[in-house]
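Q: Build me a structure from this.
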Amino acid sequence: MVRHRHTSLITLSALLALVLIPLRAQVFVVGEKTATADVITEFHATHVPLSDYLLDDRGRLDLIRNLEAEQGFAHRELPLGAGLTLVANGNMSPSNEAYKQMLYEKGASAGPGDRMEISALHFKPDSIVIDFNGGPYAKHRFLSHISINDNPLAIEGPAATGCRVTLYFEGGVPQISAAEVKSLLEPLVDFKARNSVEAYTDTLPLKVREAVEQHEILVGMDRRMVLAALGAPLAKHREHVAPGDDNSAVYEEWIYGQTPQPIQFVRFRSGRVVRLEIAAIGKPIEIRDTNELGTEAAPALLARNITNGDTPDIDGSMRKAPTLRKPGEVLDTPSRIGKVNMPDDPPKPIPPPPSTTPAVPPPQQLMPSGESN
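A: Modelled structure (predicted):
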């Protein structure tokens, strides 16, 4: 009984020691604000003149014929699944913070500049339901419920990755053309852009948009902005901040231009441009390392990548991984695997030297008399 009580006291004291000892650990919090920091919530209503007559059967068939399989590019992040309603010449529901919450809970079906295709149209008395990229529901195959020897005759198709937008009309769906429907959907999908770069550029802030259109790079841009401004680089290099130190922070440098044109060295860290060097013939090297976007580039820096072991911080300093060791404690056994000594190959047997004794021919067999070969 005394021994059991003594063991319980030791266990309780050990638990209290673990609670009271402060542990230095990294805590990565990925919440709704961090995940939706770059989501565009700005909305501008359209002004498309609409007819006073209601949609008839012929107009419905014309919409199906002229809208299905039409392709455009997303103007903003579009949520996965159904639930997004756009009032004709009005607001979008949900909007602002509720729109971010929908993206956080359901996930994104498309980002700004992604290709969108109208896959189906459904008509209701007061709305047109439009499915993009296959719609919000995967196609069901009833043969997947029939199996022979536990083997289904068919397997379910891929998971749904599309979205559904309900275009609502007050007073009923009017007599409307396909071009007018595209104009009403412009806050969400751009059907006029020739490529995804143009659609993505329209979603950027004014200062960044002007720089992209003039093919200029600003410190603070992310990789996609740089690609939209100058395209793919001629070369890419990844190096450590401290040469020879594998634990130092890693930066990536993109190189644009060839002589005699100016050559630009674009350095990225944490996904953003932190330094820009422009070398032109006959001019001193121009160096820019101050953020030129202000607070527009700040939300992306809130996201952190989780990696094993020590990870470099934004400023290059090392953030130690979580550990249960006391300060200054050293393990008795090494934490790294030492060199593995492989056994030598066994010696090969030496073949015997060739014999120098002359070969003796075999004795000839005597044949009885009277026989010949």
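Q: Now Leu61. Its backbone dihedrals?
A: phi -70, psi -40 (degrees, to the nearest 10).
Q: I'd like to know how far it sits from Phe123.
A: To Phe123, Leu61 is 11 Å away according to Cβ to Cβ, to the nearest Å. C-betas here are computed from N, CA, C, even on glycine.
Q: of those two, who's got more company?
A: Phe123 (13 against 10; other Cβ atoms under 10 Å).
Q: Was I right to think that one contacts Val173?
A: Yes: contact between Phe123 and Val173 holds when scored by Cβ atoms under 8 Å: they sit 6.9 Å apart.
Q: got any residues that touch both of the two?
A: Counting by Cβ atoms under 8 Å, 6 or more residues apart in numbering, the contacts common to Phe123 and Val173 are Leu55.
Q: Where does the prediction get shaky in the stretch 151-300 of the chain?
A: Flagging of the stretch 151-300 of the chain using pLDDT under 70 yields the residue ranges 153-158, 193-195, 295-300.
Q: Pull up the pairing partners for the lengthiest strand in the chain, direction included.
A: Ranked by residue count under DSSP state E, the longest strand found in the chain is strand 115-124. Next to strand 115-124 in the sheet, as set by DSSP bridges, lie strand 71-74 (antiparallel), strand 127-132 (antiparallel).
Q: Which of those has the highest mean neighbour count?
A: Among the strands paired with strand 115-124, ranked by average contacts under mean count of other Cβ atoms under 10 Å, first place goes to strand 127-132 (a mean of 22).
Q: Give the rounded mean pLDDT of that one.
A: The average pLDDT within strand 127-132 is 94.
Q: just stretch 348-367 next, same as before
A: 65.
Q: for the longest strand of the chain, which positions count as buried?
A: Across strand 115-124, burial judged by 16 or more other Cβ atoms under 10 Å covers 116, 118-119, 121.
Q: Which of those sits closest to Asn151?
A: Ser119 (31.0 Å; Cβ to Cβ).
Q: and the closest one, what does it touch?
A: 68-69, 131-135, 162.
Q: try 7 Å
A: 131-135, 162 (Cβ atoms under 7 Å, 6 or more residues apart in numbering).
Q: how close does His215 sit to Ala199?
A: Applying Cβ to Cβ to His215 and Ala199 gives a distance of 18 Å.
Q: Spell out which residues make up each domain of the chain.
A: 26-194, 204-317 (automatic domain parsing).
Q: which one of those domains lies closest to Lys348?
A: Lys348 lies closest, by Cβ to Cβ, to one member of the domains of the chain: domain 204-317, at 41.6 Å.
Q: can you list the buried residues of strand 115-124 in TSV and add pLDDT and distance to Pro262?
A: Below are those laid out as TSV (pLDDT from 0 to 100; distance: Cβ to Cβ, whole Å):
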residue	pLDDT	distance to Pro262
Met116	88	37
Ile118	92	44
Ser119	90	46
Leu121	93	51
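Q: nearest to Leu206, of the residues you listed?
A: Nearest to Leu206 among the buried residues of strand 115-124, with distances taken as Cβ to Cβ, is Met116, at 24.3 Å.
Q: check contacts around that closest one.
A: Applying Cβ under 7 Å, 6+ apart, the residues contacting Met116 are 71-74, 110, 132-133, 189.
Q: Export these as JSON lines, with columns for distance to Pro353.
A: Below are those laid out as JSON lines (distance: Cβ to Cβ, whole Å):
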{"residue": "Gln71", "distance to Pro353": "83"}
{"residue": "Gly72", "distance to Pro353": "87"}
{"residue": "Phe73", "distance to Pro353": "84"}
{"residue": "Ala74", "distance to Pro353": "84"}
{"residue": "Ala110", "distance to Pro353": "81"}
{"residue": "Phe132", "distance to Pro353": "85"}
{"residue": "Asn133", "distance to Pro353": "81"}
{"residue": "Val189", "distance to Pro353": "88"}
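Q: Can you tell me which of those is nearest Ile278?
A: For these, the nearest to Ile278 is Phe73 (31.2 Å; Cβ to Cβ).
Q: Contacts only, for that closest one.
A: 113-116, 189-190, 193, 196, 199.
Q: What subset of those is buried?
A: Here, 16+ other Cβ under 10 Å leaves 113-114, 116, 189-190, 193, 196, 199 buried among the contacts of Phe73.
Q: In strands, which of these appear?
A: Counting by DSSP E, these contribute 116, 189-190 to strands.
Q: Tell me the one of these nearest Thr85?
A: For these, the nearest to Thr85 is Val189 (14.8 Å; Cβ to Cβ).
Q: mind listing what the nearest residue to that closest one once chain neighbours are set aside touches?
A: Nearest residue to Val189 in three dimensions, chain neighbours excluded: Gly72, at 4.3 Å (Cβ to Cβ, 6 or more residues apart in numbering). Neighbouring residues of Gly72 by Cβ under 7 Å, 6+ apart: 116, 189-191.
Q: please redo it, this time with the cut-off set to 8 Å
A: Applying Cβ under 8 Å, 6+ apart, the residues contacting Gly72 are 115-116, 182, 185, 189-193, 199.
Q: so what's the backbone phi/psi at Lys100?
A: phi -60, psi -40.
Q: Would you check that it makes contact with Val39?
A: Yes: assessed by Cβ under 8 Å, Lys100 is found in contact with Val39 at 5.3 Å.
Q: more crowded one of these two?
A: Lys100 (20 against 17).
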